[in-house]
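[1] with the sequence up front, the predicted model follows.
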Amino acid sequence: MLHWITLTADMLTEAIDRAELDAITAADTDGTVIPGIIQDVTAAVREAIAANAANVMDLQSDSTIPRTLKPEALDMIAWRLLKRFAVSVSEDRDKANTAARERLEAVRAGTHRVIGPDGRMPVPPGKRPYVQGPRPAYGSGAPGLFPSPRRGK
């Protein structure tokens, strides 16, 4: 399974209903606006991910985003397309766009980490488990390494 994906115009049906999509594609006569907005949102998502050093970027391609941020990216694309072509924007769509932008800000701030290109979640150094051996007791028989407590003096 691909953990990072490239957004395409075919995916817009997940966020925009068919009537709105038909109105948008009919208005985009030269066919450059939809790909341009997809590229802009992809760049914004990648920028938010790169702003936090705890995240791992997909350096193989500059057009991929984590699969986990796909719904937010599609909501942002839908909102921008509807605004661009003056198609009515519902209150629910405004709320979805606001929630998507808030999630990107959480990614940027580091309160929400994203899945890496290899499918693993990055773990910050302070959260990584480590093994710590027991401290040696006094008089453990290790000559010269640990002082023995003086008794009776």
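    Cool, got the structure.
[2] contacts only, for Ala27.
    Phe85 (C-beta atoms under 8 Å, 6 or more residues apart in numbering). (Glycine included, C-beta is placed from N, CA and C.)
[3] from Gly36, how far off is it?
    14 Å (C-beta to C-beta, to the nearest Å).
[4] how far off centre is stretch 95-104?
    Stretch 95-104 has its C-alpha centroid displaced from the chain centroid by 13 Å (C-alpha atoms, centre = their mean, to the nearest Å).
[5] what comes up buried for that stretch?
    If you call a residue buried by 16 or more other C-beta atoms under 10 Å, then stretch 95-104 has these buried ones: 96-97, 100-101, 103-104.
[6] just the CA atoms of the helix-or-strand element of the chain with minimal mean pLDDT, as CSV, please.
    Lowest by mean pLDDT, DSSP states H and E among the helices and strands of the chain is helix 18-27, with a mean of 85. Output of helix 18-27 as CSV, limited to C-alpha atoms (Å, rounded to 0.1, in the frame of the first residue of the first chain):
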residue,chain,number,x,y,z
ARG,A,18,-21.0,15.5,-9.6
ALA,A,19,-23.1,18.6,-10.3
GLU,A,20,-20.5,20.9,-8.7
LEU,A,21,-17.7,19.1,-10.5
ASP,A,22,-19.4,19.5,-13.8
ALA,A,23,-19.9,23.2,-13.2
ILE,A,24,-16.2,23.6,-12.3
THR,A,25,-14.9,21.6,-15.3
ALA,A,26,-17.1,23.5,-17.7
ALA,A,27,-15.9,26.8,-16.3
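[7] gap between the closest residue to Thr68 other than its chain neighbours and Ala19?
    Excluding the flanking residues, the one nearest Thr68 by C-beta to C-beta, 6 or more residues apart in numbering is Ile115, at 5.5 Å. According to C-beta to C-beta, Ile115 stands 34 Å off from Ala19.
[8] okay, those two: which has more neighbours?
    The residue with more neighbours, out of Ile115 and Ala19, is Ile115; 17 against 9, by other C-beta atoms under 10 Å.
[9] need the contact list for the more buried one.
    So Ile115 contacts 3, 66-68, 121 (C-beta under 8 Å, 6+ apart).
[10] in strands, which of those appear?
    Using DSSP state E, the subset of the contacts of Ile115 located in strands is Pro66.
[11] right, I'll call it a day here.
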